[in-house]
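In: Have a look; sequence and predicted model below, questions after that.
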Amino acid sequence: MINFESQNGFKLDNPKAYMQWIECVVNSENFNLQELQFVFCNDDYLLKINQQFLNHNTLTDIITFDQSLGQSISAEIYISSERVAENAKTYEVNFNDELKRVMIHGVLHCMKYGDKTEEEQLKMRKKENEKIQMFHVEQN
């Protein structure tokens with residue numbers, strides 16, 4: 001099950017397409033989807049979570065609370081839509097592409113992909129790009 005919640009009024013354009021995409025990504029890595037809760041929020045909301053739970057006093061675009069066991073994915077993923085918009089400007093990409101990158105980044109963490117070392121970061125970025133290519137929206 002995948003749920004999308006908003007603390008700041010942000011809404012996905014096509015939630016069903018995002019659900020189908022995430023399910024495909026999880027299956028492509030031979031994992032099972034139990035539950036993913038995406039919570040969209042603003043910078044202040046995510047900063048408070050970062051301070052309270054991770055003792056970091058910095059802005060971030062995503063925090064993943066991974067509760068996965070083995071090959072079963074379960075997590076709460078908090079995303080600052082403000083930070084995603086700022087990153088999209090910085091990296092000169094459109095907002096939806098940056099949002100997909102951030103969302104799948106959190107899911108990939110649940111599948112044991114890290115980003116602490118330079119080698120892990122390169123592997124993570126490669127996987128993000130690969131999985132973004134799997135996103136398809138049906139045209140009516």
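Out: All right, it came through fine.

In: gap between the residue nearest to the spatial centre of the chain and Glu119?
Out: Closest to where the C-alpha atoms of the chain average out (Cα atoms, centre = their mean) is Met103, at 1.9 Å. To Glu119, Met103 is 23 Å away according to Cβ to Cβ, to the nearest Å. Every residue, glycine included, has its C-beta placed from N, CA and C.

In: Please tell me how far Gln133 sits from Leu108.
Out: Applying Cβ to Cβ to Gln133 and Leu108 gives a distance of 14 Å.

In: Between these two, which is the more surrounded one?
Out: For the pair Gln133 and Leu108, the greater number of neighbours falls to Leu108 (22 against 9), based on other Cβ atoms under 10 Å.

In: where does the more buried one land on pLDDT?
Out: pLDDT, Leu108: 98.

In: Skipping its backbone neighbours, what lies nearest it in space?
Out: Lys127 (5.5 Å; Cβ to Cβ, 6 or more residues apart in numbering).

In: That neighbour: what secondary structure?
Out: Three-state call for Lys127 (DSSP: H, G, I helix; E, B strand; the rest coil): helix.

In: Tell me the confidence at it?
Out: We have a pLDDT of 97 for Lys127.

In: hang on, the earlier thing: list the helices and strands the helix or strand that contains the residue nearest to the centre of the chain packs on?
Out: Met103 belongs to helix 95-110 when assigned by DSSP states H and E. Secondary-structure packing of helix 95-110 (3 or more Cβ pairs under 8 Å, 6 or more residues apart in numbering; DSSP states H and E): helix 15-28, strand 32-41, strand 62-66, strand 72-80, helix 81-90, helix 118-132.
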